[in-house]
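Chemist: build the 3D model from these lines:
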Amino acid sequence: MAFMCTDSGNLMAIAQQVIAQQQQQHQRQQQEQLHQIQSSTASVSWVLPPDHQTSFSSAFSDPFSFPPPQPFKLSDDFDSDEWMDSLIGSGDLPPLFVDPPSSTDLDRLIMPQGDILTVDPLPQPGRPDKEPEPDPEPNSKAAVSCSSQSLSSSTSSHPVLKSLLDCAQLVGSNPDLAIKTLAKIRPLLSKLGDPIQRVAFYFTEALSIRLISTASPPPPSSSSEEFTLCYKNLNDACPYSKFAHLTANQAILEATESATKIHIVDFGVIQGIQWAAFLQALATRPGGKPTRVRISGIPSPLLGSSPIKSLTATGNRLREFAEILELNFEFIPILTPVDQLTGSDLWVDPDESVAVNFMLHLYHLLGDSMEQVQSVLRLAKSLNPEVVTLGEYEANLNRVGYVNRFANALSYYCSVFESIEPAMARDSPDRVEVERVIFGNRILRAVGLAEGIERTDRMEESREWMAQMEGSGFKPVQFSNYAVSQAKLLLWNYDYSSKYSLVDSPPGFLSLAWDGKKLLTVSSWQ
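Modeler: Purely as a prediction, here's the structure:
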């Protein structure tokens with residue numbers, strides 16, 4: 001594509017160009033205005049009121065506003081302190097990990113005597129400070145040995161992880177024994193320990209919740225400040241969101257490189273931060289800017305039942321930023337429930353080039369039936385898009401039995417917790433909060449709550465997404481060499497651990513992996 005050659009560089013270079021141009025223009029305007037003011041003060045003394053001052057800093061006094069343009073680097077749309085600080089208090093966000101009941105509540109249910117599974121002691125034992133609540137389900141013993149294979153060889157031999165798998169198998173057949181075993185495991189775990197101890201702590205809490213409670217209470221709402229800070233800290237430490245958004249953005253840029261009118265239907269909007277770099281790239285196309293850019297934003301379920309405040313703030317930020325770039329831009333919040341959406345709700349014009357973005361969104365629609373996923377994919381197909389981008393976690397936590405799901409989740413989150421280790425100290429309060437607020441809550445929703453609508457954290461592997469996409473009439477599109485190189489540059493440029501890697505899998509999947517285990521996969525479809 002013309003504007004992606006070596007002359008114009010990558011997204012980082014494109015953004016640097018537009019920033020330099022905007023800064024030069026701004027400096028000229030300031031000099032001209034200063035000269036005019038100095039000339040006028042010869043006869044009249046006056047000062048511009050605050051709401052008419054022209055500096056970029058005053059233009060972004062709104063706490064929800066974009067930060068003024070600064071020299072751009074690939075992470076600016078994710079980890080800029082000024083940008084993320086502006087999101088604090090911007091709306092309702094996901095629930096925190098539920099604080100379980102005290103240890104005395106659990107001890108009350110433990111039988112005084114009986115067989116207890118043996119657990120070898122761990123080095124550096126720690127003391128957890130919380131406990132949980134439940135709902136049993138039968139499973140076969142054969143499932144345990146089978147599901148154990150999903151763990152890596154290094155973790156499957158770990159005594160605590162093996163004991164947790166045994167407890168998961170006992171949920172339906174012998175819950176009392178499972179409870180007593182968890183009581184033995186608990187003193188060996190610590191939220192400040194090594195990655196295995198930390199991840200086992202949250203799985204122990206989630207399993208205890210499932211065993212003890214007769215009805216799982218709904219998780220309480222968290223403060224947006226806590227979640228936003230945890231989100232920022234995670235994205236400072238790990239490349240997950242940067243990789244996913246950067247790769248999807250590049251695919252959309254390439255698919256719409258010659259379009260004059262671009263319409264992005266974005267399923268799963270939270271803050272819309274990733275679109276800043278995209279708008280910057282559009283503003284510097286050698287062939288000229290598009291005459292109009294529209295984003296229809298369908299809110300993420302993580303925003304709760306009243307997302308209007310967050311969507312309004314997102315739209316305002318993007319519009320203000322587009323004005324600086326001199327782009328004709330519209331943001332359209334879509335409040336119609338996903339299961340009721342039709343093409344007419346999305347305001348697609350016949351002369352627009354459409355891109356549909358499913359970034360960590362379709363997994364929210366998973367269930368025992370794939371009907372809702374298929375319905376949304378049919379809707380996307382009806383829009384005749386130039387490209388559909390899909391990003392999903394790489395784990396099988398949906399239509400599998402409880403024991404296998406537990407083992408799959410344990411394997412997946414072991415890798416996630418290990419990936420945090422090189423970037424954040426074990427005693428870091430920020431790391432403790434990231435693991436508690438983000439991953440502890442996900443683990444709870446995957447394996448700790450009752451079956452049915454309460455179990456909301458479901459995932460599927462890329463092979464299932466391929467079946468769903470192809471079954472809905474889409475064909476895979478290989479990522480360009482440029483897109484893959486850009487993702488590799490991201491890992492190199494930010495000096496992430498060498499255990500991060502990219503895995504390119506047919507027919508067109510690009511995965512971010514930790515120590516060879518795929519964690520997050522992005523794909524592109526037509």
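Chemist: give the contact list for residue 326.
Modeler: Residues counted as contacts of residue 326 (C-beta atoms under 8 Å, 6 or more residues apart in numbering) are 283, 289. (Glycine included, C-beta is placed from N, CA and C.)
Chemist: kindly report the same for residue 393.
Modeler: Listed by C-beta under 8 Å, 6+ apart, the contact partners of residue 393 are 360, 363, 412, 459, 519-521.
Chemist: and those, which of them are in helices?
Modeler: Among these, the subset assigned to helices under DSSP state H consists of residue 412.
Chemist: neighbour-wise, give me the winner out of the contacts of residue 393.
Modeler: For the contacts of residue 393, the largest neighbour count, defined by other C-beta atoms under 10 Å, is 25 neighbours, found at residue 412.
Chemist: once you drop chain neighbours, what's closest to that residue?
Modeler: Distances taken as C-beta to C-beta, 6 or more residues apart in numbering place residue 395 nearest to residue 412, at 4.2 Å, with adjacent residues excluded.
Chemist: quick check, the one you found in contact with residue 462.
Modeler: No: contact between residue 395 and residue 462 fails when scored by C-beta atoms under 8 Å: they sit 10.3 Å apart.
Chemist: low pLDDT regions in the protein?
Modeler: Scanning the chain for pLDDT under 70 picks out 1-157, 214-225, 453-454.
Chemist: tell me where it has strands.
Modeler: Taking DSSP state E as the test, the strands found in the chain are 261-269, 292-299, 329-333, 353-359, 387-393, 476-477, 500-505, 509-514, 517-525.
Chemist: dump those strands to CSV, plus distance to residue 281.
Modeler: What follows is these, written out as CSV (distance: least, C-beta to C-beta, whole Å):
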stretch, distance to residue 281
strand 261-269, 11
strand 292-299, 11
strand 329-333, 14
strand 353-359, 13
strand 387-393, 15
strand 476-477, 19
strand 500-505, 21
strand 509-514, 19
strand 517-525, 17
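Chemist: nearest to residue 449, out of these?
Modeler: Comparing the strands of the chain against residue 449 with C-beta to C-beta, the closest turns out to be strand 387-393 (17.9 Å).
Chemist: could you find the closest non-adjacent residue to residue 475?
Modeler: Sequence neighbours aside, residue 526 is the residue nearest to residue 475 in space, at 5.5 Å (criterion: C-beta to C-beta, 6+ apart).
Chemist: state the number of residues packed around the one you found.
Modeler: Applying other C-beta under 10 Å, we find 12 residues neighbouring residue 526.
Chemist: who's in contact with it?
Modeler: By C-beta under 8 Å, 6+ apart, the contact set of residue 526 is 255, 385-388, 474-475, 477.
Chemist: go on, residue 178?
Modeler: Residues touching residue 178, when contacts are defined by C-beta under 8 Å, 6+ apart, comprise 167-168, 170-171, 207, 211.
Chemist: rewinding a little: quick one: which of residue 395 and residue 462 has more around it?
Modeler: For residue 395 versus residue 462, the count of surrounding residues by other C-beta under 10 Å is larger for residue 395: 26 against 22.
Chemist: now do the end-to-end distance for stretch 184-195.
Modeler: For stretch 184-195, the separation between the terminal residues is 19 Å (C-alpha to C-alpha, to the nearest Å).
Chemist: next: stretch 179-199.
Modeler: By C-alpha to C-alpha, the extent of stretch 179-199 from end to end equals 18 Å.
Chemist: give the buried residues for it.
Modeler: The neighbour-count check on stretch 179-199 (16 or more other C-beta atoms under 10 Å) flags 179-183, 185-186, 188-199 as buried.
Chemist: next, give me the two most distant ones among the contacts of residue 393.
Modeler: Spatially, the most separated pair among those is 360 and 412, at 14.5 Å (C-beta to C-beta).
Chemist: skipping adjacent residues, who's closest to residue 399 in space?
Modeler: The shortest distance from residue 399 to any residue that is not its chain neighbour, by C-beta to C-beta, 6+ apart, is 6.3 Å, and that residue is residue 368.
Chemist: surely the one you found is in contact with residue 455?
Modeler: No: between residue 368 and residue 455 there is no contact, the gap being 10.1 Å when judged by C-beta under 8 Å.
Chemist: which of these two has more residues huddled nearby?
Modeler: Of the pair residue 368 and residue 455, residue 455 is the one with more neighbours under other C-beta under 10 Å, namely 21 against 10.
Chemist: need the contact list for that one.
Modeler: Applying C-beta under 8 Å, 6+ apart, we find residue 455 in contact with 445-446, 449.
Chemist: one more pass at 10 Å, please.
Modeler: Residues near residue 455 by C-beta atoms under 10 Å, 6 or more residues apart in numbering: 135, 216, 367, 397-398, 402, 405, 444-449.
Chemist: roughly how far apart are residue 411 and residue 449?
Modeler: The gap separating residue 411 from residue 449 is 20 Å, by C-beta to C-beta, to the nearest Å.
Chemist: more crowded one of these two?
Modeler: When neighbours are counted by other C-beta under 10 Å, residue 411 and residue 449 differ, and residue 449 comes out ahead with 25 against 21.
Chemist: surely that one touches residue 402?
Modeler: No: because the distance of 11.5 Å does not satisfy C-beta atoms under 10 Å, residue 449 is recorded as not touching residue 402.
Chemist: and for these two, which residues touch both?
Modeler: With C-beta under 10 Å, 6+ apart applied, the overlap between the contact sets of residue 449 and residue 402 consists of 210, 455.
Chemist: I'd like to know which of the contacts of residue 393 is nearest to residue 266.
Modeler: Minimum distance to residue 266 across the contacts of residue 393 is 11.6 Å, recorded for residue 360 (C-beta to C-beta).
Chemist: give me the neighbour count for the closest residue in space to that closest one that isn't next to it in sequence.
Modeler: Sequence neighbours aside, residue 391 is the residue nearest to residue 360 in space, at 5.5 Å (criterion: C-beta to C-beta, 6+ apart). The number of residues packed around residue 391, counting by other C-beta under 10 Å, is 26.
Chemist: repeat that for residue 272.
Modeler: Burial measure for residue 272: 21 neighbouring residues, criterion other C-beta under 10 Å.
Chemist: who are the contact partners of it?
Modeler: When contacts are taken as C-beta under 10 Å, 6+ apart, residue 272 is in contact with 77, 266, 278, 295, 297, 310-311, 313-315, 317-318, 321, 331.
Chemist: if we use 8 Å, what do you get?
Modeler: For residue 272, the contacting residues are 266, 295, 297, 314-315, 317-318, 331, by C-beta under 8 Å, 6+ apart.
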